[in-house]
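Participant: Here's my sequence, what's the structure:
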Amino acid sequence: MNPTAVADATQDESAYDSYYLYDSMPKPCTKEGIRAFGKLFLPPLYSLVFLLGLFGNSIVVLVLFKYKRLKSMTDVYLLNLAISDLLFVLSLPFWGYYAADQWVFGLGLCKVVSWMYLVGFYSGIFFIMLMSIDRYLAIVHAVFSLKARTLTYGVVTSLVTWLVAVFASLPGLLFSTCYTERNHTYCKTKYSSVNSTTWRVLSSLEINVLGLVIPLGIMLFCYSMIVRALQHCKNEKKSRAVKMIFAVVVLFLGFWTPYNVVLFLDTLVELGVLQDCTLERYLGYAIQATETLAFVHCCLNPVIYFFLGEKFRKYIAQLFRTCRGPLVLCQYCDFLQISSADTSSSSYTQSTVDHDL
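Facilitator: Numbering: from 1, shown residues only. This next block holds a predicted model:
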């Protein structure tokens, strides 16, 4: 899965070359409207998501390093989630230009950018899944979590998670290629003609199983257990932390699930299981819309931290108040003000650091 699916839907019509060779064949399903729509719709949205995602997640990384200093497993997972989002958004300027024109960055960047996109996607969902497990251990198995939820285990599991994400993204690195056809340069995934159908099916299964089914199952289990535990033990800080992590999970699923579903249907069209020209056209538009919706998600995690994390708001205010240049104006924003009493009483235990972000 990568944005070349969108670019292919809007630009690649080479599959229909045979139409000009065989008059007896039925007229192919043209996608000129999809191509024009993508050129107009995708580049500005990709640019906006890039700017917002880069700014928001950079702030998260700065806050975690400058103020929280990675004191817990939760901090490590939040940092890695922000890095995943940054890796993801760094690929967007390339896809935005590609959607507007053609691929001009060469074979090397074609492979690297496709790979970056996939690594950012997989690592993002994996770290959200780990955050759910982290909350589950902290609240449901509080005694055991004292030994399990250490900084060391957080670093080790993060390294393993990155390795799994890199391995899962290898097909994007290996099979992405750059080529010129009919005076137009493409960057897309091309499987060998012998096993192309098998690879397409495996790719679709990988995306839906690793990117949706397994994480969703684990998240539902963790949060069902957390809700049961909190019914017997009311704690304001725990409830606030659960609301924030729950918002992260729900928003991820809400923004990414439509794209996974549309990609699955598009795979069925490519395999010939679904054969309908109108459906193909609708899927072309749906891929563009749902993928852009999914891209917006990488901008949302910092917003969630700000509005649901009291300490996070304080840290951001401190960061802006120490800035020089245009950002120093933020110290006058009412919603970022910190009272001297709050600042002077900023001594927290390890448990508070975990549960009050």
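Participant: hey, let's count contacts and neighbours off CA atoms from now on
Facilitator: Noted.
Participant: mind checking which helix or strand the residue positioned nearest the centre of the chain is in?
Facilitator: Centroid check for the chain by Cα atoms, centre = their mean gives residue 121 as the closest residue, at 4.5 Å. Applying DSSP states H and E as the criterion places residue 121 in helix 106-140.
Participant: Which elements pack onto that helix?
Facilitator: Counting contacts by 3 or more Cα pairs under 8 Å, 6 or more residues apart in numbering; DSSP states H and E, the secondary-structure elements packed against helix 106-140 are helix 73-89, helix 142-148, helix 151-168, helix 170-175, strand 176-181, strand 184-189, helix 214-232, helix 236-270.
Participant: distance between it and the chain's centre?
Facilitator: 7 Å (Cα atoms, centre = their mean, to the nearest Å).
Participant: So for that helix, what gets flagged as buried?
Facilitator: Neighbour counts over helix 106-140 (16 or more other Cα atoms under 10 Å) mark 109-111, 113-140 as buried.
Participant: Compute the inter-axis angle for it and helix 73-89.
Facilitator: Relative orientation of helix 106-140 versus helix 73-89 (axes from the mean of the first three to the mean of the last three Cα atoms, to 10 degrees): 160 degrees.
Participant: Give me the angle between helix 106-140 and helix 151-168.
Facilitator: 140 degrees.
Participant: and the closest residue to residue 72 other than its chain neighbours, how many neighbours?
Facilitator: Nearest non-adjacent residue to residue 72, counting by Cα to Cα, 6 or more residues apart in numbering: residue 151, 5.0 Å away. Residues near residue 151, counting by other Cα atoms under 10 Å, number 15.
Participant: Report whether the expected contact of residue 151 with residue 76 is present.
Facilitator: Yes. Between residue 151 and residue 76 there is a contact under Cα atoms under 8 Å: 7.4 Å.
Participant: so what's in contact with the two at the same time?
Facilitator: residue 70 (Cα atoms under 8 Å, 6 or more residues apart in numbering).
Participant: can you list the residues that contact stretch 49-62?
Facilitator: Taking Cα under 8 Å, 6+ apart as the rule, stretch 49-62 contacts 79, 82-83, 85-86, 89-90, 92-93, 295-296, 298-303, 316.
Participant: Kindly apply the preceding question to stretch 298-305 instead.
Facilitator: In contact with stretch 298-305 (Cα under 8 Å, 6+ apart) are residues 49, 52-54, 56-57, 59-60, 85, 88-89, 244, 247-248, 312-313, 357.
Participant: repeat for stretch 76-84
Facilitator: By Cα under 8 Å, 6+ apart, stretch 76-84 touches 57-58, 60-61, 64, 70, 119-121, 123-124, 127-128, 130-131, 151, 154-155, 158.
Participant: Alright, calling it a day.
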